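Engineer: only geometry, no sequence info:
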């Protein structure tokens, strides 16, 4: 008797064999999620006590889980390739970028627009040149030109998830450096897409299609401009209209999360990353649009205790109550983040295969490539100009994360990338992703909060 | 370029064809979730204005989505059989029963233990007799005995998800009737499992295995007793230990949700429904165990504003602050419920095939079976004894929901159930599930809150 087990209902539509397999996965998935959730939460304070950000604890935990098979424990092998866990992880990065978007004011992002564009452009061009024309031919001689081009593209990638999480964990999303990095990462996503398309078409057809590249740029710009212009115009009206139907927190929550899921889907549908859509959704909602929804329960209760004459309410208490009303939507998303976000980072860690570290020659080459990868992004940080800390901006762009791996996979799919080159890239991705959180944390702690 | 798209990483391990299919599904799933979330939230206030509970709005919405193919719109056809959406729905019912468990005091449940057992037992036996020996042979003459036995087993099922949601929506989980229904539903789950095993073994082997039945009962009792005894003993210690590591809301959240996922998995692993495990997890945590975690942010901020001399704090304000500290864990789960729970009810509605209503003769038989199904559970309500409203208890047991469908599927799998009988059961399940929320809402509104 399986009360409330909707997957079992699938057997109304699917053959029994399919049912049986869904059944098994559903059961195990519950345990996997329980383990990931609790282990991540136990690991994070330990990492923090050792001076590292919580996200590093989750990544390391994922690497441990993903490589337990090396010591004979193969329990987690199916987790790393389970589509349901992969989707939960995907929702994790969508929720994280939605949270980061909500905590970022669009106005603040626009004021750093020029600097972010410069950082993004330099951060794409320099690492690409380093990879394709310098360290590639030097450290791995004798490969095809197309292999070097792909190496360059991989070095140009940026993974904003890791950096955004570090800024957020330390409460520094408001500093100009954070805004520059976030803006540059969005620009990088578009430019990186163009670069991948150009390199791929070079490899397959032997020539670059200008129309193809222009199409990608046009779509990406249309998406961002369209979502932001239309969304900012719609958000106050839709909030007012929905609040008239139901002023409760549930409606506020549904509006924001459904918008994020919709824009994530739209971004994905036109070939961008879903998390760009989620970030754009976060930029749409300003606290002032959401005031039409009721204040959180505790605020209502305390207001009921206050004297009717609002002037006699102490100003400090009024400030606290107002702030919690204005940030209600962010508090509402917090538990969703507790659930989904660790799954993303643990799952990302699980994709790392430590066996790539077994060959010393590969590791040596990888260290050289990693140095080039870091140097390229640190130089991009200088493009941020005066008045900001170039190191923080530069290091914020360093992690390649899963984006680098996906570029490498595309190259492997086209048959231009050898096993060695692939291993080199995997190690570079691991190193840039793992080094950044501790370095950035140290830089941020030394840097005064005032900006 | 797909930044932050872990499914794409699967291609490290899976053939590209598998990757491509996961890819497509991940994209569409984002849109499906956005539509389900927003549509459910828009429908609920409309249903409530018409005097129905929100859950009925979600079920109806699901039925509409699931049957749009009848008018040529086949967009939602793949949703109803998508394993990822099915898993999200499964998490929805797990979260819902966890919430209901957290809002239920174990002590309160034990005080109605005898009554709940009686209601549960009568509510299994009477509908079974009605189905197997009365309406089955009368309305559908000429079938095999085993078909009637399965019809009886289907009528004996109870689906606590629907009823629990109605009690919760109306804030009446604390009334004795609600506790009796919840207790009886847990007992029904065990007894129903035994009955399904017994009927199945009758069909396949022609005889009943006493050992088989005894094993099922022993496992179920061991699970519930073990989880509750061990859990209640562990919960205060683990809470204290975890709070020493991190007093934040994230740790509190992880402890409760991971426990629920773990017990849901354990229940599933021994053949019970996952939601029984989630409900048991909710019963483990009393507010007093969780006081070791810090109070919620707003409470801390307001406490900082209060005079150091705690006696001069107004008692009413103190009460509000304390209550929000004690119920922090429930508030933390609320957004998770906003996300997951509607998916469960919309998804359940989507499993309903309106074409079964096309044949008048089938509908007539189904109405007779439905009457027997309702009568059996209403009579069970009388077993609750004096001092409680037998109608509320009885109607609380009426919905068969997905459990009835799963029983019917088991019978179909064993080849004892004809298409007609299956359609009859599907209609009975739809009717009992759809009638209950409005009837129960009306009964509860007429009934004084005092109990």
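Structural biologist: Perfect, I can see it now. Everything numeric here is computed off the predicted structure, so don't read it as measured data. Numbers count the residues shown, from 1 in each chain, chains lettered A, B, ... in the order given.
Engineer: quick one: buried residues of stretch A:288-308?
Structural biologist: Using 16 or more other C-beta atoms under 10 Å in any protein chain shown as the test for burial, stretch A:288-308 gives A:289, A:290, A:291, A:293, A:294, A:295, A:296, A:297, A:298, A:299, A:301, A:302. From N, CA and C alone the C-beta is placed, and that goes for glycine too.
Engineer: pLDDT score assigned to the first one?
Structural biologist: Just to be clear, that refers to residue A:289. Looking at residue A:289, its pLDDT stands at 80.
Engineer: dump the residue contacts of it.
Structural biologist: Contact analysis of residue A:289 by C-beta atoms under 8 Å, 6 or more residues apart in numbering or on different chains lists A:235, A:236, A:239.
Engineer: Dump these to JSON lines, plus neighbour count and secondary structure.
Structural biologist: Listed next are these as JSON lines, based on neighbours: other C-beta atoms under 10 Å in any protein chain shown; DSSP: H, G, I helix; E, B strand; the rest coil:
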{"residue": "A:235", "neighbour count": "20", "secondary structure": "helix"}
{"residue": "A:236", "neighbour count": "17", "secondary structure": "helix"}
{"residue": "A:239", "neighbour count": "22", "secondary structure": "helix"}
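Engineer: Correct me if wrong: residue A:332 contacts residue B:335.
Structural biologist: Yes. Contact criterion C-beta atoms under 8 Å: residue A:332 and residue B:335 qualify, at 4.9 Å.
Engineer: what sits in contact with each of the two?
Structural biologist: A:249, A:253.
Engineer: and residue A:232, how many residues sit next to it?
Structural biologist: Around residue A:232 there are 15 other residues, counting by other C-beta atoms under 10 Å in any protein chain shown.
Engineer: What's the local residue count around the residue lying closest to it once chain neighbours are set aside?
Structural biologist: Distances taken as C-beta to C-beta, 6 or more residues apart in numbering or on different chains put residue A:284 closest to residue A:232, at 5.9 Å, once the chain neighbours are dropped. Residues within reach of residue A:284, counting by other C-beta under 10 Å, total 24.
Engineer: My read is that residue A:284 contacts residue A:229, right?
Structural biologist: No. Taking contacts as C-beta under 8 Å, residue A:284 lies outside contact range of residue A:229: 10.2 Å.
Engineer: Number of residues surrounding residue A:141?
Structural biologist: Around residue A:141 there are 7 residues (other C-beta under 10 Å).
Engineer: if I look at it, how far off is residue B:220?
Structural biologist: To residue B:220, residue A:141 is 68 Å away according to C-beta to C-beta, to the nearest Å.
Engineer: ok, now residue A:438?
Structural biologist: Going from residue A:438 to residue B:220 by C-beta to C-beta gives 49 Å.
Engineer: and what of residue A:425?
Structural biologist: Distance, residue A:425 to residue B:220, using C-beta to C-beta: 52 Å.
Engineer: ditto for residue A:190
Structural biologist: 56 Å.
Engineer: what does residue A:375 give?
Structural biologist: Taken as C-beta to C-beta, the span from residue A:375 to residue B:220 is 63 Å.
Engineer: These two: which has the busier surroundings?
Structural biologist: Between residue A:375 and residue B:220, counting by other C-beta under 10 Å, residue B:220 is the more crowded of the two (23 against 17).
Engineer: For the more buried one, report the pLDDT, please.
Structural biologist: If you check residue B:220, the pLDDT there is 78.
Engineer: could you say which helix or strand contains it?
Structural biologist: Residue B:220 is located in helix B:210-245, with elements delineated by DSSP states H and E.
Engineer: which strands and helices sit next to that helix?
Structural biologist: On a contact count with 3 or more C-beta pairs under 8 Å, 6 or more residues apart in numbering or on different chains; DSSP states H and E, helix B:210-245 meets helix B:176-205, helix B:249-269, helix B:274-284.
Engineer: which of those sits most buried?
Structural biologist: Stretch with highest mean neighbour count among those: helix B:274-284 (a mean of 28; mean count of other C-beta atoms under 10 Å in any protein chain shown).
Engineer: Tell me what angle that helix forms with helix B:210-245.
Structural biologist: The directions of helix B:274-284 and helix B:210-245 differ by 50 degrees, with axes from the mean of the first three to the mean of the last three C-alpha atoms, to 10 degrees as the criterion.
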